[in-house]
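**Q** 3D, please:
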Amino acid sequence: MTHAIHDFSAKLRQPAVANTLVTYVAWRKAVRAAEAAGEAAPTAPEISPISINLDLTTACNYRCTHCIDWDILNTKHRLAEEDLRSSIVLMRERGLRSVILIGGGEPTLYPGFVGFVGFLKELGIQVAVVSNGSRGDRLLEAARHMDERDWIRLSLDSGTNELFRAMHKPTSSDVTLESIVEWIPKIKDANPLPRLGFSYIIIWKGASREENELHENIHEIELATKLAKHWRFDYISLKPILERQESGAEVMDPSKTESDTKAVVQRIRAEVERAQEHAGDGFEVYVSTNLAMLEDGSWKNLTAQPKTCHMQALRQVLTPMGLYNCPAHRGVEKALIGPKAAYKDEATARTTAEGLAGILKSFDASHECREVSCLYNEVNWWIERMIEDPRDEVVEVGAENEDYFL
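**A** Numbering: from 1, shown residues only. Predicted coordinates:
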């Protein structure tokens, strides 16, 4: 069963955002009709994605052995804050509802991090932060701006300081697992509204990054869960490791183990079951869709992608290198939609719209993502069926739950 946070079709049918979906589907229907008739395709409508992943910086104070964005960390790419703010304002006018500050680097290292969170909230945008937790002071200040629809998730992946430092390699000896989690009660006391999460990427022996073996952490899942509950996190999120292929795609590859894959999955299942025993009293244990499908052997079902990835129009990744179509292809040239100042003004936004129209045609997800266990697989097929439906009105508006993170 799909968890509510990954029920993207339900999110897209919410009254507050459904019009963007309706506009997109109508445009794609018109494009296909024009192509069939040998006519010029209609221009892209003036919409923005509903949700974006935003990389404020490529700077990072860790050297994580399992980092999927290793190649772009601490490069000289920069976002001009004036252009960025202008882009966000225009996107908000066109339908942007949520921003996830994540990836490429550590968002709290961005000099204007706290002020930027406040800026997003002034625009009425839902905000999420994925952080390594090393700057708890900045997270505390940012959290003061946030409300009950926002969240902060810390990437910790361990239950002991020894494994934490071996995996994450913080550049400062002062950064420890203990020094990070001690900030959680302070944040909760300052503002109990945003949800605080402990992220745990499960790594098995044999997993690697560029042929470098990673540290296995299956044995510390329960320990990390107990730690998270003790320090007043709202939840722990368990998900499997992804590896970047030469093609640029991020994929789950459970075959890369030094023992029988089934035995590894059984070990993970046993540890997860022990972790789940600690749920309760306001604390939750989330098993990601990918992990659930890894455990039941159905993960390959999510690799059969439609030719067109429709979600690249509704959820994009804005980075200091440019605007990309998916977190799984961040920094990959063939996934580039537009420049980093993609929506700074009307003229630039028109160019970005042309780039989106081009990539919807040129980026063949059935090939480029054929090994990706994509969380957007089902919603992409759902949108595809609506576009192929001969009826004019195919989007059925659903219930509003005010969750716009995609």
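
**Q** strands of the stretch 1-150 of the chain, residue ranges please.
**A** Using DSSP state E, counting those that start in this stretch, the strands of the stretch 1-150 of the chain run over residues 51-54, 98-101, 126-131.

**Q** can you tell which of these is closest to Gly159?
**A** strand 126-131 (18.7 Å; Cβ to Cβ). The way it works is simple: take the backbone N, C-alpha and C, and place the C-beta from them, glycine included.

**Q** could the strands of the stretch 1-150 of the chain go into TSV alongside distance to Ile203?
**A** Listed next are those as TSV, based on distance: least, Cβ to Cβ, whole Å:
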stretch	distance to Ile203
strand 51-54	22
strand 98-101	23
strand 126-131	18
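
**Q** any idea which of the ones you listed gets closest to Glu81?
**A** Nearest of those (Cβ to Cβ): strand 51-54, 12.0 Å.

**Q** which strands and helices sit next to that closest one?
**A** strand 98-101, strand 315-319 (3 or more Cβ pairs under 8 Å, 6 or more residues apart in numbering; DSSP states H and E).

**Q** recalculate using a threshold of 10 Å.
**A** Strand 51-54 sits against helix 81-93, strand 98-101, strand 126-131, strand 315-319, with contacts defined as 3 or more Cβ pairs under 10 Å, 6 or more residues apart in numbering; DSSP states H and E.

**Q** coming back round to it: in TSV: the strands of the stretch 1-150 of the chain, plus mean pLDDT, distance to Trp151 and mean neighbour count.
**A** As requested, these are arranged in TSV below (pLDDT from 0 to 100; distance: least, Cβ to Cβ, whole Å; neighbours: other Cβ atoms under 10 Å):
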stretch	mean pLDDT	distance to Trp151	mean neighbour count
strand 51-54	98	13	24
strand 98-101	98	9	24
strand 126-131	98	5	22
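
**Q** a markdown table for the helices and strands packed on strand 51-54, including distance to Lys226?
**A** Formatted as a markdown table, the helices and strands packed on strand 51-54 follow (distance: least, Cβ to Cβ, whole Å):
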| stretch | distance to Lys226 |
| --- | --- |
| helix 81-93 | 39 |
| strand 98-101 | 27 |
| strand 126-131 | 22 |
| strand 315-319 | 34 |
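
**Q** closest one to Glu178 among the ones you listed?
**A** Here strand 126-131 is closest among those (Cβ to Cβ), at 16.6 Å.

**Q** pairing partners for that closest one, with directions?
**A** Strand 126-131 has its sheet partners listed here by DSSP bridges as strand 98-101 (parallel), strand 151-155 (parallel).

**Q** Val317: which of the ones you listed is closest?
**A** That would be strand 98-101 among those, by Cβ to Cβ, at 9.4 Å.

**Q** can I get that closest one in CSV? Just the C-alpha atoms.
**A** Presented in CSV, the C-alpha positions along strand 98-101 are these (Å, rounded to 0.1, in the frame of the first residue of the first chain):
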residue,chain,number,x,y,z
SER,A,98,6.5,23.7,-1.8
VAL,A,99,10.3,23.8,-1.6
ILE,A,100,12.6,21.1,-0.3
LEU,A,101,16.1,22.5,0.6
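
**Q** let me see the mean pLDDT of the stretch of helix or strand Val272 belongs to.
**A** Using DSSP states H and E, Val272 falls within helix 261-276. Regarding helix 261-276, the rounded mean pLDDT is 90.

**Q** go on, stretch 12-30?
**A** 98.

**Q** quick check: buried residues in that stretch?
**A** Going by neighbour count (16 or more other Cβ atoms under 10 Å), the buried part of stretch 12-30 is 12-14, 17-18, 20-29.

**Q** nearest to Arg267 among those residues?
**A** The nearest one, if we look at these relative to Arg267 and count by Cβ to Cβ, is Leu12, at 36.9 Å.

**Q** quick check: the gap between that closest one and Asn380.
**A** Remark: distance between Leu12 and Asn380 (Cβ to Cβ, to the nearest Å) = 11 Å.

**Q** need phi/psi at the residue nearest to Arg165 when sequence neighbours are not counted.
**A** Excluding the flanking residues, the one nearest Arg165 by Cβ to Cβ, 6 or more residues apart in numbering is Thr176, at 7.1 Å. The phi and psi values for Thr176, taken as degrees, to the nearest 10, are phi -130, psi 170.

**Q** ok, Thr176 - contacts?
**A** Ser134, Asn161, Glu162, Phe164, Arg165, Pro170, Glu182 (Cβ atoms under 10 Å, 6 or more residues apart in numbering).
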